[in-house]
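Visitor: Fold the stuff below for me.
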Amino acid sequence: MGKYLLCFFLILISFDSINSIMPPLFRKFNVEIVNLLGFNKKLKVHCKSGSHDFPITYLNNGEKFQFQFTILLTTLYWCNLWQGPNYEHHVVFDAFRPDKDFIDGTCTGMERNVCSWIAEEDGIYVITKHFGEYFMYIWDWNAPSINIPVGAPASEYEFNNL
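Guide: Next up, the predicted model:
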C-alpha cells in the first residue's frame, strides 16, 4: 500500500512541476546536439546514460543528433563530442540532469521540452530560456559528471538578481 501511495504522490508532484522544486517526473524530454563547426568539419557524438548507450554518430555540418526519453529521478545523460577531421579536440558534459534548475536554467524549460547543445569552433553552447545561445564549455575540457558549474543562471531567482 505504501508503495502505491508513494507512486501517486510522485505523479501529483510531476503534474505541479512548473511551480515545484522537483523535476517534472514522467514527462517526455528531448536532447539535441547540432554541428555548427566551421570548415565543414564533422562532429563525432557519443551520448549515454546509466541504462542506455547510443551508438557513436558522425554529424556533417548543420546536422543534428537527437533523442527523447522520459524523466525519472535518476535520469542522467552525458555526451562526449570530438571535433573532426582528426578528432583530437574533445569535451564531455552532462547533456541532461533531472533537476528543475538544470531544466529551467540551463535548458529551455519544460515549455519546449528540449535541451539544445551546439558545437562550434570555440566550444559548446546551450540554448537557454533567458539568454538564447550561451557559451558553456571549451574544447578539451572534461566536466565531472555531477555538480558541474553551470554558467547560466540556474533559476529565475538568480536571473532576476543579476
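Visitor: In terms of pLDDT, where does residue 59 sit?
Guide: What the model reports as pLDDT for residue 59 is 98.
Visitor: ok, now which ones touch the nearest residue to it once chain neighbours are set aside?
Guide: Take residue 59 and drop its neighbours on the chain: the residue closest to it by CB to CB, 6 or more residues apart in numbering is residue 35, 4.0 Å away. Where you see a C-beta, it was placed from the backbone N, CA and C, and this is true even at glycine. Contacts for residue 35 (CB atoms under 8 Å, 6 or more residues apart in numbering) come out as 41, 42, 43, 59, 60, 61, 62, 63, 64, 119.
Visitor: How many residues are close by the residue nearest to the second one when sequence neighbours are not counted?
Guide: When you say that, I think you mean residue 42. Nearest residue to residue 42 in three dimensions, chain neighbours excluded: residue 84, at 3.7 Å (CB to CB, 6+ apart). By other CB atoms under 10 Å, the residues close to residue 84 number 19.
Visitor: next one: residue 60
Guide: Neighbourhood size, residue 60 [other CB under 10 Å]: 12.
Visitor: was I right about it contacting residue 42?
Guide: Yes: under the criterion of CB atoms under 8 Å, residue 60 makes contact with residue 42 at 6.1 Å.
Visitor: I'd assumed residue 32 was in a strand, is it?
Guide: Yes: under DSSP: H, G, I helix; E, B strand; the rest coil, residue 32 falls within a strand.
Visitor: Which residue, other than its chain neighbours, is closest to it?
Guide: Distances taken as CB to CB, 6+ apart put residue 66 closest to residue 32, at 3.9 Å, once the chain neighbours are dropped.
Visitor: same check, this time on residue 56
Guide: Closest residue in space to residue 56, ignoring its immediate chain neighbours: residue 46 at 4.8 Å, by CB to CB, 6+ apart.
Visitor: what's the distance between the one you found and residue 59?
Guide: Using CB to CB, to the nearest Å, residue 46 is found at 12 Å from residue 59.
Visitor: In the helix or strand that contains residue 58, which residues are buried?
Guide: If you go by DSSP states H and E, residue 58 is part of strand 57-59. Neighbour-count burial for strand 57-59 flags residue 59 (criterion: 16 or more other CB atoms under 10 Å).
Visitor: I'd like the mean pLDDT over stretch 71-80, please.
Guide: When pLDDT is averaged over stretch 71-80, the result is 92.
Visitor: Touching that stretch from outside, list them.
Guide: Residues contacting stretch 71-80 (CB under 8 Å, 6+ apart): 23-29, 31, 33, 44-50, 67, 69, 90-98, 117, 145.
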